[in-house]
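> Structure for this input, please:
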Amino acid sequence: MKRNFWFISLGMVWTVIFASMSFYWAMGGLLGVRSLGGAIYEMSLNPAPSFVVVIWLTGVFKLFGFLLLLMILIKWHNIIITKTLYYMTKIAGVALFLYGLLNFITITLSAINILDFDLDSSATFWRLVFWEPFWMFGGICYFFSVRKL
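Alright, predicted model coming up:
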């Protein structure tokens, strides 16, 4: 498998930042949480213990992406492991990118009053300018981390 160390590094940094945001919010931090908007913002103001647990688990789950990128740095001598890591990285990249893209499209449709979402103008702005492009950037990093089998 051919590796692109630049995208692997960017993907690792992206993943740590992404997971760190969840850990920060799980510890009660509120900076940036309003930009998520809707029910998530409302729940974060007075979080139930189960909500906090979900945020912690989300951060831990995000770190599995770091582990995946770390594993593709190893030169595996087993073709099954190599192929599995290759396809997992490609699938993760496509999934992250599509998640951001589809959210971008639906939030844009909401902003022009075609769909109705519970997002204020500030959350809509930040979702379109930061969050959804952030997801797509992560997807690009993962997808291009590996080139060929």
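
> Who does the closest residue in space to Thr89 that isn't next to it in sequence form a beta bridge with?
Of all residues not flanking Thr89 in the chain, Val146 sits nearest, at 5.0 Å (Cβ to Cβ, 6 or more residues apart in numbering). The C-beta positions use only the backbone N, C-alpha and C, and glycine is treated the same way. Beta-bridge pairing of Val146 under DSSP bridges involves Arg3.

> For the residue most central in space within the chain, give me its contacts.
Note on the chain: the residue nearest the mean C-alpha position is Trp135, at 4.8 Å, using Cα atoms, centre = their mean. Listed by Cβ atoms under 8 Å, 6 or more residues apart in numbering, the contact set of Trp135 reads Leu96, Phe97, Tyr99, Gly100, Asn103.

> Could you tell me how many residues sit around the second one?
By the criterion of other Cβ atoms under 10 Å, Phe97 has 19 neighbours.

> ok, now the fourth one?
For Gly100, the number of neighbouring residues by other Cβ under 10 Å comes to 21.

> got it, and the third one?
By the measure other Cβ under 10 Å, the count of residues near Tyr99 is 15.

> And the closest residue to it other than its chain neighbours, how far from Ile74?
Distances taken as Cβ to Cβ, 6+ apart place Trp135 nearest to Tyr99, at 5.4 Å, with adjacent residues excluded. Using Cβ to Cβ, to the nearest Å, Trp135 is found at 27 Å from Ile74.

> Which secondary structure element of this structure has the lowest mean pLDDT?
helix 38-45 (a mean of 90; mean pLDDT, DSSP states H and E).

> now the residue nearest to Thr89: how far from Tyr86?
Distance from Val146 to Tyr86, by Cβ to Cβ: 5 Å.
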